[in-house]
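Student: A predicted structure for the sequence below; I have some questions about it.
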Amino acid sequence: MNSGNTDVAELLRAMRSFLHENDMMAYLAMMAVRLLELHRVLKPTGSLYLHCDPTASHYLKILLDGVFQPQNFRNEIIWKRSSAHSDAKQGAKHYGRLTDTIFFYSKGEDVTWNQTYRPYDETYTERDYRRVDTDGRRYRLDNIQGPGGAEKGNPYYEVMGVSRYWRYSREKMQQLIRQGRIIQTRPGAVPQYKRYLDEMPGVSVQNLWDDIPVINNRSKELLGYPTQKPLALLERIITVSSNEGDLVLDPFCGCGTAVHAAEKLGRSWIGIDITHLAISLIEKRLTDAFPGIKYEVHGTPKDIEGARDLAARDKYQFQWWAVSLVNAVPFGGKKKGADTGIDGVIYFKDFKKKGEALVGSTTEKIIVSVKGGESVGVSMIRDLAHVIEREGAKMGLFITLAEPTDPMRKEALKEGYFESPGLKGKYLKLQIATIEELLAGKKPELPPLVSSFAQAPEEAPEQGALKI
Ligand SMILES: C[S@@+](CC[C@H](N)C(=O)[O-])C[C@H]1O[C@@H](n2cnc3c(N)ncnc32)[C@H](O)[C@@H]1O
């Protein structure tokens, strides 16, 4: 253990004596080991951004000071993630909670930094850039007198009949006059410099970020992952704190916003997430946004042994992974006692026909039931048949790790077929797929599916890296 680790261990002990053993303490202990590792693998010029909410931010900052050292704290960024809402009407006795905190630490003094700007706000440009040139360019007049006069070494000479200490040499002043940049508003007035708005970079980004709206139900970006962050937020962070070709790591990558932004900006990336739902969603997101993209996935079962191992370790993760193999939306989650017999749902469109013409459609469901146990039996097929009926679904899919028995297959066949005039062909109403078959690429025969998650818009290749 090096001294940094020892400090952090002491810090955790102190926090524990205050917080005792509760969820917050468990979270901080989980974060502490990860932050130590992230600090260890970070390049000397690298940065860490930690996004959190106000319930944990004060504890996390202490932890970060312990891991990164207080002198490497650079900013507490406040991201305004939503607009005013009406908690008050529901009786809330606190101010509206609109912001999240993003801590920004560097590994050391020499940190990668690409200054970034945002456009000036209109009140400023209208107040300070009031003047408009004949060609429509907005400008302002700036003082060109040398501050500090002779003492600061400013030259004294005459310009347009006015003698002063100036901030430019005679030669430079002549050049600016020839370029039409030095203006005298009336005879005898002190000449000034004509500064065009379109030559200014904008206002440098401060630590209050109120220009990046949160993802809402109408956002094109919306994928359906509960904690999805806006791409612009991650693009800003990655643009400022890394260069093209650098490596970005998001150890809690969710639906992969950081991974998407890194790919778009020409950075290499690694994303880590504990849920298979996140991994399958990112895979879809990446292929939608960057057709032909190449990447590797580590840690999802690739063969039957891997699948068995996952099923034995975590029933819910196994279910999420299994439903992702057939592009189903996971259902029910980890809610105890909420065993509805549904582990996932697949949606498809059934078309109504009048003669040969299509006259509308309905979205229909296929219920997915996953079994990761060592043995399966015919009662499970009957259960699924009941759920299909109860839910008014058109079909059911039984996914099993264990080999199904002959009576199970016979029971499934008893359910007959689903057919519709709007769809070509007919489909077995209750199908059985084994994990082994799915891993071998043998997919169940289902009607054409409606995508379970929203599609990420394709990124235009020429967009490349954001220009700073
Ligand atoms: C707040 S979300 C990240 C959201 C992400 N920025 C996005 O835009 O989707 C946190 C993620 O951390 C994952 N997670 C939680 N505990 C984890 C752990 N111990 N290791 C890896 N990932 C974990 C969760 O599954 C969740 O997807």
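Tutor: Arrived safely. Residues are numbered from 1 along each chain as shown.
Student: am I right that Leu358 sits in a strand?
Tutor: Yes. Counting by DSSP: H, G, I helix; E, B strand; the rest coil, Leu358 is part of a strand.
Student: what sits against it?
Tutor: Contacts for Leu358 (C-beta atoms under 8 Å, 6 or more residues apart in numbering) come out as Phe351, Lys352, Gly422. Using the backbone N, CA and C atoms, a C-beta is placed for each residue, glycine as well.
Student: mind checking how far it is from the ligand?
Tutor: Applying C-beta to the nearest ligand atom, to the nearest Å, the value for Leu358 to the ligand is 37 Å.
Student: next, count neighbours for the one residue in the stretch 1-150 of the chain that gets nearest to the ligand.
Tutor: Ranking the residues of the stretch 1-150 of the chain by distance to the ligand (C-beta to the nearest ligand atom) places Met30 first, at 6.3 Å. Look at Met30: counted by other C-beta atoms under 10 Å, it has 10 neighbours.
Student: secondary structure element for it, which one?
Tutor: Met30 is part of helix 23-41, with elements assigned from DSSP states H and E.
Student: where exactly do the strands run in the stretch 1-150 of the chain?
Tutor: Ranges of strands in the stretch 1-150 of the chain, per DSSP state E, counting those that start in this stretch, are 47-52, 73-80, 99-106, 117-118, 131-132, 138-143.
Student: hang on, Asp250 packs against Ala258?
Tutor: Yes. Between Asp250 and Ala258 there is a contact at 3.8 Å, judged by C-beta atoms under 8 Å.
Student: compare these two and say which is more crowded by neighbours.
Tutor: More neighbours surround Ala258 than the other of Asp250 and Ala258, with 27 against 20 (other C-beta under 10 Å).
Student: for the more buried one, what are its contacts?
Tutor: Leu234, Ile238, Val248, Asp250, Trp269, Gly271.
Student: joint contacts of Asp250 and Ala258?
Tutor: By C-beta under 8 Å, 6+ apart, Asp250 and Ala258 have these common neighbours: Trp269, Gly271.
Student: same for the strand or helix carrying Ser379, what does it pack against?
Tutor: Assigned by DSSP H and E, Ser379 belongs to helix 378-391. When contacts are defined as 3 or more C-beta pairs under 8 Å, 6 or more residues apart in numbering; DSSP states H and E, helix 378-391 packs onto strand 357-371, strand 395-400, helix 406-413, strand 430-434.
Student: export the last one to CSV, keeping only CA atoms.
Tutor: Think strand 430-434. Provided in CSV are the C-alpha atoms of strand 430-434 (Å, rounded to 0.1, in the frame of the first residue of the first chain):
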residue,chain,number,x,y,z
LEU,A,430,-45.0,-20.6,-28.4
GLN,A,431,-41.4,-21.2,-29.3
ILE,A,432,-38.5,-22.7,-27.4
ALA,A,433,-34.9,-21.4,-27.9
THR,A,434,-32.0,-22.8,-26.1
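Student: make 33 the first number, not 1, from now on.
Tutor: Okay, using 33 as the starting number, the last item reads as strand 462-466.
Student: what's the burial count for Leu318?
Tutor: By other C-beta under 10 Å, the residues close to Leu318 number 20.
Student: phi, psi of it?
Tutor: When read as degrees, to the nearest 10, the backbone of Leu318 gives phi -70, psi -40.
Student: quickly check: the strand or helix carrying Thr271 near the ligand or not.
Tutor: Assessed by DSSP H and E, Thr271 sits inside helix 263-273. No. Helix 263-273 stays clear of the ligand (C-beta under 6 Å from any ligand atom), getting no nearer than 7.5 Å.
Student: next structured bit after that helix?
Tutor: Helix 263-273 is succeeded, C-terminally, by strand 279-282 (DSSP H and E).
Student: parallel or antiparallel, which strands does that following strand pair with?
Tutor: Partners of strand 279-282 in the sheet, by DSSP bridges, are strand 300-303 (parallel).
Student: not counting the partner strand itself, show me its contacts.
Tutor: Residues lying outside strand 300-303 but in contact with it, judged by C-beta under 8 Å, 6+ apart, are 277-282, 285, 288, 290-291, 294-295, 314.
Student: again, only this time at 6 Å
Tutor: Surrounding strand 300-303, the residues in contact under the criterion C-beta atoms under 6 Å, 6 or more residues apart in numbering are Leu279, Val280, Leu281, Asp282, Cys285, Gly288, Val291, Ala294.
Student: on that earlier part again, from the chain's centre, how far out does the helix holding Met62 sit?
Tutor: How far helix 55-73 lies from its chain's middle: 21 Å, per C-alpha atoms, centre = their mean, to the nearest Å.
Student: just checking, what packs against that helix?
Tutor: With contacts defined as 3 or more C-beta pairs under 6 Å, 6 or more residues apart in numbering; DSSP states H and E, helix 55-73 has these neighbours: helix 35-51, helix 89-100.
Student: which of the residues in it are classified as buried?
Tutor: By neighbour count with 16 or more other C-beta atoms under 10 Å, helix 55-73 contains the buried residues Met57, Leu60, Met63, Ala64, Leu67, Leu68, Leu70, His71.
Student: just the pLDDT for the residue of the stretch 33-182 of the chain closest to the ligand.
Tutor: pLDDT, Met62: 96.
Student: which bits of the chain sit near the ligand?
Tutor: Neighbours of the ligand within the chain, by C-beta under 6 Å from any ligand atom: 257, 259-261, 284-287, 289, 304-307, 310.
Student: any idea which of the helices and strands packed on helix 410-423 is most buried?
Tutor: strand 427-432 (a mean of 25; mean count of other C-beta atoms under 10 Å).
Student: give me the sheet partners of it and which way each runs.
Tutor: strand 389-403 (parallel), strand 462-466 (parallel).
Student: report the rounded mean pLDDT for the shortest one.
Tutor: In other words, strand 462-466. Average pLDDT, strand 462-466: 97.
Student: need the strands of the stretch 33-182 of the chain in CSV (columns: distance to Asp415).
Tutor: Putting these into CSV (distance: least, C-beta to C-beta, whole Å) gives the following:
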stretch, distance to Asp415
strand 79-84, 42
strand 105-112, 47
strand 131-138, 43
strand 149-150, 57
strand 163-164, 75
strand 170-175, 71
